[in-house]
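1. quick check, what structure comes out for this input:
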Amino acid sequence: MAIRMPRIIQARQILKRSLSNGGSTPASMDIPKGYFAVYVGEQEKKRFVVPVSILSKPRFQELLHQSEQEFGYNHPMGGITIPCSEDVFTDLTSRLGVF
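-> Below you'll find the model as predicted:
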């Protein structure tokens with residue numbers, strides 16, 4: 001099995017965290033098709049763009065359930081807010097093969 005480096009580099013560029021207040025386009029406009037934004041963090045929320053394929057992963061579904069319990073369906077950032085630390089989120093997503 002060969003590793004396709006351009007695809008990995010492109011995925012890293014898409015998945016790297018982007019600040020919601022940066023740039024001249026609205027935050028919702030810079031999300032590629034097949035991806036969605038989540039906000040993660042305890043004090044200061046960081047924005048991550050992740051593929052929708054992660055929604056089928058049981059561990060990510062656990063995070064969504066925690067988010068539902070804490071925030072309901074009213075997310076203050078306008079996107080899904082995940083109630084965990086940035087380190088926990090990046091560790092989980094790296095284990096799921098996202099990062």
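2. helices along this structure, start to end?
-> Assigned by DSSP state H, the helices in the chain fall at 5-15, 58-71, 86-95.
3. pull the helix or strand with minimum mean pLDDT from this protein.
-> helix 5-15 (a mean of 47; mean pLDDT, DSSP states H and E).
4. how much space separates the nearest residue to residue 66 once chain neighbours are set aside from residue 71?
-> Leaving aside its sequence neighbours, residue 66 sits nearest to residue 83 (CB to CB, 6 or more residues apart in numbering; 5.5 Å). To be clear about C-beta, it is placed using only N, CA and C from the backbone, and glycine gets the same treatment. For residue 83, the distance to residue 71 (CB to CB, to the nearest Å) stands at 7 Å.
5. now do residue 34
-> Counting by CB to CB - residue 34 and residue 71 are separated by 24 Å.
6. these two - which one has more neighbours?
-> residue 71 (15 against 9; other CB atoms under 10 Å).
7. can I assume that one is in contact with residue 65?
-> No: assessed by CB atoms under 8 Å, residue 71 is found out of contact with residue 65, at 11.4 Å.
8. which neighbours do these two share?
-> Counting by CB atoms under 8 Å, 6 or more residues apart in numbering, residue 71 and residue 65 have no contacts in common.
9. stretch 34-47: end-to-end distance?
-> The first residue of stretch 34-47 is 16 Å away from its last residue (CA to CA, to the nearest Å).
10. now that stretch: buried residues?
-> 35, 36, 37, 38, 39, 40, 41, 45, 47 (16 or more other CB atoms under 10 Å).
11. ok, stretch 58-75 next?
-> 60, 63, 67.
12. what does it contact?
-> Counting by CB under 8 Å, 6+ apart, 39, 54, 55, 80, 81, 82, 83, 84, 89, 92, 95, 96 sit against stretch 58-75.
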